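**Q** structural data only, the sequence is not supplied:
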C-alpha cells in the first residue's frame, strides 16, 4: 500500500474547511442578523372593547416587517438555519414551494445575501403576488396543480445543486422557541406594563405550523397559564387532523385564505402544544377582516380576519365564565395585497360568500355582549 486510504493520505485527518466558504457564510449571517437588528419590534395595538367587560384585546402587527408579513420572521429563521447547517453557501440556488408571503420574504433574504431564489407556484397564482416575488429578485417556476409543488421543488433543487428550503418541514425547528426575540417572547415583553400582562389566550392561524409550535412551546417553557388557540379556514386539514389525531389527514383542497390552511397535515404542525382549535368559515374571515378595517383603520389580510373570528368566540367565552384578562392575536399581513380579492365586492360575490350575517354577529356582540354566530 502507498500509505493512503479513503481517510486521506497516511490515514491523517481530512480537512474539508475552506476559508473562503466560511468567510462568505460569516458575511451572509451578519447581513441577515443586521437586518433584524435595524428593525424595530412590531407594534402591539389595543382594540377598543367595552370597559365594563374587563377584557383587553391586543393585535401584534406583523405587517410592518420589511416584506409586509409575519413570514418575514420565518424566512429569516429559515435562512439562518440553512446557513448555520452549511446548506446555503456562495452560489447556492435556494428553492421553495410557496406562492404566498413566505416566497416574498425568502426572495428578500436571498437578494440580501446574494444568492438566486426560485419558488415553485401554481399557474393560478395572482399577478400581484408574482410581482412581489419578482420585486425582490425571485423567479417563479410554474406547475399546473398545487399538490405538485413539493415534488417539483425537490426536483428543481436537485437539478440546480441548490437547497430546497422546505418551509413546511423546517419551520418549527428553525425558530428558537425558548426565546431569542421570537414572537412569543416579544408579545410578553410588550405586555409587561399592561394590567393583564399574562394573556388568557393567544390566537393564531396555521400555515406551516411554525408560529403555533413556537408559541405553544414557549408558553410551556415559561410556565405561563396562557392557552393557545389555533384557527383554521375551510378546506384545511389541520382542524380535522387535530380532532381525529390523524397525522396523515389530507383534504387535497387549497385554502382560499392566503397564508393559512393546508391540504395536508404538514410536518411543522405540532398538535400537542395547541389547547383549542377553531374552524372558521371563509365568509367569517372576510367579514371580520373588513370589520377590523372599518373600526380601527387597520387594513389586514384574510388570515387576520380568521384570527379575529376566533378571538370573538373566546372573548365571548370569557364573558360567560366571568373571566377578566387579555387576549392577543396577530395582524399577519397588510390588506393592500388583497384589494382585488378580499376587499373587492365582485370577487367576494364570485366566491358565493354572504358576509352580512357574520358582520352582524360581530357588531351585535360588541354592542350587547351576546355572541350569536350564524348557523352553519
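**A** Everything's here; your move. Please read these numbers as outputs of a predicted model, since none were measured by experiment.

**Q** mind telling me what element residue 240 is part of?
**A** Using DSSP states H and E, residue 240 sits in helix 238-244.

**Q** what's the answer for residue 346, then?
**A** Using DSSP H and E, residue 346 falls in helix 345-350.

**Q** where along the stretch 101-250 of the chain do the strands fall?
**A** Remark: strands assigned in the stretch 101-250 of the chain by DSSP state E, counting those that start in this stretch are 116-122, 139-143, 163-164, 201-205, 227-232.

**Q** list of residues touching the shortest one?
**A** When contacts are taken as Cβ atoms under 8 Å, 6 or more residues apart in numbering, the neighbours of strand 163-164 outside the stretch itself are 82, 87-88, 92-97, 153-154, 156-157. For every residue, glycine as well, the C-beta is placed using N, CA and C.

**Q** show the contacting residues for residue 376.
**A** Counting by Cβ under 8 Å, 6+ apart, residue 376 touches residue 281.

**Q** any idea how far it lies from residue 62?
**A** 29 Å (Cβ to Cβ, to the nearest Å).

**Q** just send the strands of the stretch 101-250 of the chain back as a markdown table, with mean neighbour count too.
**A** Below are the strands of the stretch 101-250 of the chain laid out as a markdown table (neighbours: other Cβ atoms under 10 Å):
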| stretch | mean neighbour count |
| --- | --- |
| strand 116-122 | 22 |
| strand 139-143 | 16 |
| strand 163-164 | 22 |
| strand 201-205 | 29 |
| strand 227-232 | 24 |
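
**Q** got TSV for those, with distance to residue 242 and mean pLDDT too?
**A** Shown next, in TSV, are those (distance: least, Cβ to Cβ, whole Å; pLDDT from 0 to 100):
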stretch	distance to residue 242	mean pLDDT
strand 116-122	26	95
strand 139-143	28	95
strand 163-164	27	97
strand 201-205	13	98
strand 227-232	8	98
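
**Q** nearest to residue 239, of the ones you listed?
**A** Ranking the strands of the stretch 101-250 of the chain by proximity to residue 239 (Cβ to Cβ) places strand 227-232 first, at 4.0 Å.

**Q** now the angle from the closest one to strand 201-205?
**A** Put simply, strand 227-232 runs at 20 degrees to strand 201-205, going by axes from the mean of the first three to the mean of the last three Cα atoms, to 10 degrees.

**Q** can you list the strands that strand 227-232 pairs with?
**A** strand 201-205 (parallel), strand 276-279 (parallel) (DSSP bridges).

**Q** skipping adjacent residues, who's closest to residue 198 in space?
**A** Spatially, and ignoring its direct neighbours in sequence, residue 198 is nearest to residue 224 (5.6 Å; Cβ to Cβ, 6 or more residues apart in numbering).

**Q** ditto for residue 33
**A** Going by Cβ to Cβ, 6+ apart, residue 33 has residue 80 as its nearest residue, at 7.5 Å.

**Q** okay, the strands paired with strand 227-232 in a markdown table with distance to residue 211 next?
**A** Shown next, in a markdown table, are the strands paired with strand 227-232 (distance: least, Cβ to Cβ, whole Å):
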| stretch | distance to residue 211 |
| --- | --- |
| strand 201-205 | 5 |
| strand 276-279 | 14 |
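
**Q** how near is residue 186 to residue 76?
**A** Distance from residue 186 to residue 76, by Cβ to Cβ: 13 Å.
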